[in-house]
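Undergrad: the sequence and its predicted three-dimensional model are supplied below.
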Amino acid sequence: MLIALLLVPLGPVWTLVASAQEAGSTEAASAAPAAEADDGDEARTVADWYAMGGQIMHALVLCSVLTVAMVFERLWALRRNAVIPRAFMRSVTEHWRKREIAEVVALCAGTNVSIARVLRAGLLHFDEGLTRVEAAIEVAGEHEALLLRRNLPVLNALGNIATMTGLLGTVLGMITAFDIIAQTGTGDARVVAGGIFQALVTTAAGLIVGISAITMHSYLRRKVEILEIDLEDTSFRLMEELAVDREAAPAGATEA
């Protein structure tokens, strides 16, 4: 059941292939009525295509399961509200306007999100100067970016593995087809063509899984880059605002 669900997205591709095959069968039938024996091909199901791929399809299904799991996990983890929560930022802003720095540090220490850890890293070095604060924020931001990129290298690797696995299935199928030629000769071209046709099924399946994985990897990597910029920009802006107010405070006290 799980295999059938995983291969449902492949249905349109198989349908296109079956349609092309049906058209070819129709042309052959008009030229040679003996070709009507292939009319059953148009009734192939997803399970039939899976069986035609052979043992290699098991590895491709495993790749597709891992790909889907990692994509959904990263999509959930990389939600903006999970990295820079609105409620947390509202609380920080309220304390920030009142210059309640101790409360902001305590709030950051008690909140396990990326923006909280980056802000806390900057506030802990605030007395050392703005340059030291910016350096601390950059280091913390790089660390958070590594956490946000978690599983992305594996997703990219799965895309490459699925593609190469599909090609491996095709090569093994071609070996089988040529072995048939060596044993029976080339008297029946349909036997050879059938073996090659089945071998190419794994290539199609591998490319579908691989292209999907690599596409989602590129999308998620870009999402991480945007979140990393937002993290540092938000932290720098708040720290600069606090530093300006701190430098202006002695001047105001002197005038008073």
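TA: Looks like it came in fine. Residues are numbered from 1 along each chain as shown.
Undergrad: element containing the nearest residue to I84 once chain neighbours are set aside, please.
TA: Spatially, and ignoring its direct neighbours in sequence, I84 is nearest to I115 (4.6 Å; CB to CB, 6 or more residues apart in numbering). To be clear about C-beta, it is placed using only N, CA and C from the backbone, and glycine gets the same treatment. Per DSSP states H and E, I115 falls inside helix 114-124.
Undergrad: any idea which helix or strand comes after that helix?
TA: Going down the chain from helix 114-124, the next helix or strand is helix 130-148, by DSSP H and E.
Undergrad: stretch 98-105 - what's its average pLDDT?
TA: Taken as a whole, stretch 98-105 carries a mean pLDDT of 82.
Undergrad: what's the angle between the lengthiest helix in the chain and helix 130-148?
TA: What stands out as the longest helix in the chain, according to DSSP state H, is helix 189-255. Here helix 189-255 runs at an angle of 160 degrees relative to helix 130-148 (axes from the mean of the first three to the mean of the last three CA atoms, to 10 degrees).
Undergrad: mind giving me the packing neighbours of helix 189-255?
TA: For helix 189-255, the elements it packs on are helix 11-31, helix 46-53, helix 56-77, helix 80-83, helix 86-97, helix 114-124, helix 130-148, helix 152-184, judged by 3 or more CB pairs under 8 Å, 6 or more residues apart in numbering; DSSP states H and E.
Undergrad: buried residues in the helix holding I115, which are they?
TA: Neighbour-count burial for helix 114-124 flags 114-123 (criterion: 16 or more other CB atoms under 10 Å).
Undergrad: for those residues, give me TSV that also has distance to R149.
TA: Shown next, in TSV, are those (distance: CB to CB, whole Å):
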residue	distance to R149
S114	12
I115	17
A116	19
R117	16
V118	16
L119	21
R120	21
A121	19
G122	22
L123	25
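Undergrad: and those, which two are furthest apart?
TA: Using CB to CB, the buried residues of helix 114-124 reach their maximum pairwise distance at S114 and L123, which is 15.1 Å.
Undergrad: ok so, going back, output the helices and strands packed on helix 189-255 in a markdown table; the columns should cover distance to F236.
TA: Below are the helices and strands packed on helix 189-255 laid out as a markdown table (distance: least, CB to CB, whole Å):
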| stretch | distance to F236 |
| --- | --- |
| helix 11-31 | 47 |
| helix 46-53 | 52 |
| helix 56-77 | 24 |
| helix 80-83 | 16 |
| helix 86-97 | 14 |
| helix 114-124 | 8 |
| helix 130-148 | 6 |
| helix 152-184 | 25 |
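Undergrad: please identify the most buried of those.
TA: Comparing those by mean neighbour count (mean count of other CB atoms under 10 Å), helix 114-124 comes out on top with a mean of 22.
Undergrad: show me the contact partners of it.
TA: Residues outside helix 114-124 that contact it (CB atoms under 8 Å, 6 or more residues apart in numbering): 83-85, 88-89, 92, 101, 104-105, 107-109, 133-134, 136-137, 139-141, 143-144, 147-148, 227, 231-232, 234-235, 238-239.
Undergrad: for I226, see how far away the nearest residue to V133 once chain neighbours are set aside is.
TA: Distance criterion CB to CB, 6+ apart; nearest residue to V133, sequence neighbours excluded, is G122 at 4.7 Å. Per CB to CB, to the nearest Å, G122 is found 20 Å from I226.
Undergrad: repeat for L146
TA: Using CB to CB, L146 is found at 16 Å from I226.
Undergrad: least reliable of the helices and strands packed on helix 189-255 going by mean pLDDT?
TA: Across these, helix 11-31 gives the lowest mean pLDDT, at a mean of 43.
Undergrad: pretty sure E138 is touching D233, no?
TA: No. Using CB atoms under 8 Å, E138 is not in contact with D233; the gap is 11.9 Å.
Undergrad: quick revisit: and the longest helix of the chain, how far out from the chain middle?
TA: Offset of helix 189-255 from its chain centre (CA atoms, centre = their mean, to the nearest Å): 9 Å.
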